[in-house]
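Colleague: Mind looking at a prediction? Sequence and model below.
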Amino acid sequence: MASGGVTIFGGSMSSPHPQSLGSRAIAFFDGQNLFHCAMEAFGYTYPNYDVHALATTVCKAQGWVLAETRFYTGVPSAEEDPFWHNFWNAKLAQMGRMMTVVFRRPLRYSEIKIPGTKDQYVKKAREKGIDVRIALDMVRAAREARGNILLVFSQDQDLTEAVDEVKQISRANRLNIRIASAFPYSVTTKNERGIEKTDWIKIDKQTYDACIDPTDYRTYSAPPPPTLR
């Protein structure tokens, strides 16, 4: 597949390339980016994906062998948001039992003034360092030649520099490393582009739904969430 090519699961736009059969893939999941993509494409209101199932399904469709799965997300503190703190603790623990490498960072909070008010503020959570960690791990995987496919579940263009670095490593060491950007897609998706200079894999609802985690980790938490995370 040429860089910037598109695959839509459930459609007929492409099939696995013969030369990719038997290729070893490392899957990198940007947890929050994947969630927001799925919410926009399919309307899901919480992170309901099973990363191992999703990585396995995407790799199988492309004729790749899944060698490693890595997941990255920010997690709120128990004091700031006990509901989502407990949710992520339970979900990440299960990922670990499925041999997924988990990287978590505490969310940072800043006060944002409410538009139209004089002195009313709300706290806004934001991730810090997640995309940097993914980028570093992509480059490290390329340097160590752990796989010849880097499969990134994200549309974050901040990872483009990491893509450039991996391509340079690939050329310098004659490794032929391919990089793919996978993300949920439907007619309601506003951003139709994957990470630049990668192969784009658009995941349709049928494929995504087959990879939903059967456990709803929201049942581990109370009270109901005030906001989405």
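Modeller: Structure received.

Colleague: Packing partners of the biggest strand by length in the chain?
Modeller: In the chain, taking DSSP state E as the definition, the longest strand is strand 64-75. In terms of contacts (3 or more Cβ pairs under 8 Å, 6 or more residues apart in numbering; DSSP states H and E), strand 64-75 is packed against strand 23-30, helix 31-42, helix 51-62, helix 82-97, strand 101-106, helix 130-143. Every residue, glycine included, has its C-beta placed from N, CA and C.

Colleague: repeat that with 6 Å
Modeller: strand 23-30, helix 31-42, helix 51-62, strand 101-106, helix 130-143 (3 or more Cβ pairs under 6 Å, 6 or more residues apart in numbering; DSSP states H and E).

Colleague: distance of the closest residue to Arg70 other than its chain neighbours from Val51?
Modeller: In space, and not counting its chain neighbours, Arg70 is closest to Val101: 4.5 Å by Cβ to Cβ, 6 or more residues apart in numbering. Val101 sits 11 Å away from Val51, going by Cβ to Cβ, to the nearest Å.

Colleague: likewise Trp200?
Modeller: Trp200 is 19 Å from Val51, by Cβ to Cβ.

Colleague: How far away from the center of its chain is the longest strand of the chain?
Modeller: 8 Å (Cα atoms, centre = their mean, to the nearest Å).

Colleague: most remote residue from the protein's center?
Modeller: The C-alpha centroid of the chain is most remote from Lys118, which lies 38.4 Å away (Cα atoms, centre = their mean).

Colleague: quick revisit: would you mind telling me which of Val101 and Val51 has the busier surroundings?
Modeller: Val51 (24 against 14; other Cβ atoms under 10 Å).

Colleague: And the pLDDT at the residue nearest to Ile130 when sequence neighbours are not counted?
Modeller: With Cβ to Cβ, 6+ apart as the criterion, Ile130 has its nearest non-adjacent residue at 5.1 Å, and that residue is Tyr72. On the pLDDT scale, Tyr72 is placed at 98.
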